[in-house]
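> Provided below are the primary sequence and the corresponding predicted coordinates.
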Amino acid sequence: MLKKHSQFVLSLFFVLELALLALCWLLSYYVRFHLQPFFPAGAPVPVTVYLWALLPLLLTWSVVSRILKLYQPRRIGSGTREIKGIVGALTGTLMILVCFLYATKQFEFSRLGYLFFWVAGITALSLERTMVRKSLKSIRKRGYNQRFALIIGSGSLVDKLLDSIFHHPELGIAVTGILSPKPEGENESKRGIPVIGEIDQLEEVIGRGGWDIVFVALPIEAHHHLGPILNILRGRMLDIKIIPDVYEYTALRDGLDSLDDIPLVSLQTSPLFGWNRISKKCFDVGIALLSLTLFAPLFLLIALAIRMTSPGPVFYVQDRMGMDGKIFRIYKFRTMEANAEEESRPIWPRREDHRRTRVGAFLRAANLDELPQLFNVLKGDMSIVGPRPERPFFVERFARHFPQYMLRHRIKSGMTGWAQVNGFRGNTSLEKRIECDLFYIKNWSLGLDVKILLMTLWRGFKNAC
């Protein structure tokens, strides 16, 4: 996750800097050919000539900057070395571009224009990266957009991990405590991070909350603690990163996450971050807006049917638990008699429920009662596809009996999910439902979301008929 999150941040820098270089290239054209009192223009050159040259320019920058490792995490905060990298990459890019243009017999480009672009590009990229560095520091000092981490371990492995985290502020990780085996001579803090207790206090410390990530960095002699640690952390809504003490001897690390040269074995992490998160968000919003537009007449017909067949409101609002355990208000078309649960505690869904109205039974069979949740999707409470959200009352009960149940909340809840299209809906096997939800989280892709959505529409159509 850390590696991919860092790559996502760097890809944003890459897109921003492509835009800056394109702007500098066009600015160099304007300065060279439209500030005549200072630079005689000679024969006019159409701007389209410079526009066509943008493609080879940006492609060349993409290759040269990658070869010179300009988009690696350590570059973001390096200062003088970073500016040297920009100068080298832009100089190499311009030299290759000039050779390409001359080889293709395009002689319209001005040598002064090249110079203006070189100076403007170096200035713009250097200022942009300096501003980014200062912004990151300012955001970090104010405590915004941070994920709080607990480290479990001691010795040189913890020192190396702290060095790497401090070296990458763009990840937004703030270490707020260390749990240690407390060997003799252990200090009460490491690199300014307090040692807040011993490993056998983990359950008490985790119970107090306040952490998003747990790094397990145990030395070899303390590995007997690993089993009890994982048993305590199992099922909790935390990213768990295990750092093997033998990482210096590993040669093939492609299957591992990493932070600098430290491999991390990731447990209980969500696949939805970076570009994955953006693509799923765009998918959700696009489908929600399209559906609301197409189904507007259906909304009206369902609302009229509910009002005409039973007294009470059209919509039913209920508390549900979503991503990271946050409670939100879910919207549904009312399928039961008004105030059906006022005189009893929440009841698990049953095949035959005397509280349902005739219209409500049809709406549930066709999954039409879920349509108002499109508004939850637009609000950001839910996704189109994901594990179905449950009421806090039942979540508390299920979490006690099924340790992995809470892992369903590592991503946003969905209007439909892999469990539902496989028949595990309502009063069905909870074990199978959890198994399907975890399968979805581990194997998420936009293609899988589309497949589940199509299967949902087909099942709804069959049930309605």
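Everything's here; your move. Residues are numbered from 1 along each chain as shown.

> what's the helix or strand for Tyr316?
strand 315-321 (DSSP states H and E).

> correction: the previous question concerned Ile178.
In this assignment (DSSP H and E), Ile178 forms part of strand 173-180.

> adjacent strands (with direction) for the next helix or strand after that strand?
Counting by DSSP H and E, the element after strand 173-180 in chain order, helix or strand, is strand 189-190. Within its sheet, and counting by DSSP bridges, strand 189-190 is paired with strand 193-198 (antiparallel).

> and the partner strand, which residues are buried?
Of the residues in strand 193-198, those with enough neighbours to count as buried (16 or more other CB atoms under 10 Å) are 193, 195-196. Every C-beta, even on glycine, is put in place using the N, C-alpha and C of the backbone.

> could I get those residues as TSV with distance to Thr130 and pLDDT?
Shown next, in TSV, are the buried residues of strand 193-198 (distance: CB to CB, whole Å; pLDDT from 0 to 100):
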residue	distance to Thr130	pLDDT
Ile193	28	87
Val195	36	87
Ile196	36	87
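
> for those residues, give me CSV that also has distance to Leu218.
Formatted as CSV, the entries for those read as follows, by distance: CB to CB, whole Å:
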residue, distance to Leu218
Ile193, 17
Val195, 15
Ile196, 17
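
> where in the stretch 51-200 of the chain is pLDDT low?
Applying pLDDT under 70 to the stretch 51-200 of the chain flags residues 72-79, 107, 136-137, 140-145, 170, 182-187.

> helices along that one, start to end?
Assigned helices in the stretch 51-200 of the chain, in chain order: 73-76, 80-103, 111-142, 156-167 (criterion: DSSP state H, counting those that start in this stretch).

> so which elements touch the longest one?
Just to be clear, that refers to helix 111-142. If you count contacts as 3 or more CB pairs under 8 Å, 6 or more residues apart in numbering; DSSP states H and E, helix 111-142 packs onto helix 2-34, helix 73-76, helix 80-103.

> can you check what angle separates the first one from helix 111-142?
What that stands for is helix 2-34. 140 degrees (axes from the mean of the first three to the mean of the last three CA atoms, to 10 degrees).

> angle of helix 2-34 against helix 156-167?
Using the same axes, to 10 degrees, helix 2-34 lies at 30 degrees relative to helix 156-167.

> which helices and strands sit right next to helix 2-34?
For helix 2-34, the helices and strands in contact under the criterion 3+ CB pairs under 8 Å, 6+ apart are helix 47-67, helix 73-76, helix 111-142, strand 257-259.

> buried residues in the first one, which are they?
This means helix 47-67. Within helix 47-67, judged by 16+ other CB under 10 Å, the buried ones are 50, 53, 57-58, 60-61, 64-65.

> swap in stretch 329-336?
330-336.

> could those go into TSV alongside secondary structure and pLDDT?
Formatted as TSV, the buried residues of stretch 329-336 follow (DSSP: H, G, I helix; E, B strand; the rest coil; pLDDT from 0 to 100):
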residue	secondary structure	pLDDT
Ile330	strand	94
Tyr331	strand	94
Lys332	strand	92
Phe333	strand	91
Arg334	coil	90
Thr335	coil	85
Met336	strand	83
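
> nearest to Gln201, of the helices and strands packed on helix 111-142?
With distances scored as CB to CB, the stretch of the helices and strands packed on helix 111-142 nearest to Gln201 is helix 2-34 (26.1 Å).

> now distance to Arg391 too, for the helices and strands packed on helix 2-34, in a markdown table please.
A markdown table is the format used below for the helices and strands packed on helix 2-34 (distance: least, CB to CB, whole Å):
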| stretch | distance to Arg391 |
| --- | --- |
| helix 47-67 | 50 |
| helix 73-76 | 42 |
| helix 111-142 | 36 |
| strand 257-259 | 34 |
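
> for Leu161, which of these is the nearest?
Ranking the helices and strands packed on helix 2-34 by distance to Leu161, with CB to CB as the measure, places strand 257-259 first at 7.4 Å.

> now the closest one: average pLDDT?
When the per-residue pLDDT values of strand 257-259 are averaged, the result is 62.

> returning to what we had before: between the helices of the stretch 51-200 of the chain, which gets nearest to Leu368?
Distances from Leu368 to each of the helices of the stretch 51-200 of the chain were compared using CB to CB; the shortest belongs to helix 111-142, at 44.4 Å.

> off-centre distance for that closest one?
On the basis of CA atoms, centre = their mean, to the nearest Å, helix 111-142 is displaced by 27 Å from the centre of the chain it belongs to.

> follow-up on the earlier one: now the helices of the stretch 51-200 of the chain in a markdown table, please, with extra columns for mean neighbour count and distance to Met308.
Supplementary listing: these in a markdown table, determined by neighbours: other CB atoms under 10 Å; distance: least, CB to CB, whole Å:
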| stretch | mean neighbour count | distance to Met308 |
| --- | --- | --- |
| helix 73-76 | 18 | 61 |
| helix 80-103 | 16 | 68 |
| helix 111-142 | 15 | 54 |
| helix 156-167 | 18 | 61 |
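
> okay, those helices in CSV with distance to Thr293 next?
Below are the helices of the stretch 51-200 of the chain laid out as CSV (distance: least, CB to CB, whole Å):
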stretch, distance to Thr293
helix 73-76, 42
helix 80-103, 46
helix 111-142, 38
helix 156-167, 46
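
> and of those, who's closest to Pro46?
Taking CB to CB, helix 111-142 is the member of those nearest to Pro46, at 13.5 Å.

> okay, the angle between that closest one and helix 80-103?
Comparing the axes of helix 111-142 and helix 80-103 via the same axes, to 10 degrees yields an angle of 150 degrees.

> hang on, Leu150 packs against Ala217?
No - contact criterion CB atoms under 8 Å: Leu150 and Ala217 do not qualify, at 10.9 Å.

> domain ranges for this protein?
What the record gives for the chain is the domain set 2-141, 147-267, 275-464, from automatic domain parsing.

> what segments of the stretch 301-450 of the chain are strands?
Secondary structure of the stretch 301-450 of the chain by DSSP state E, counting those that start in this stretch: the strands cover 315-321, 327-333, 382-385, 413-416.

> possible to save those strands as CSV with distance to Ala303?
Supplementary listing: the strands of the stretch 301-450 of the chain in CSV, determined by distance: least, CB to CB, whole Å:
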stretch, distance to Ala303
strand 315-321, 9
strand 327-333, 8
strand 382-385, 21
strand 413-416, 19
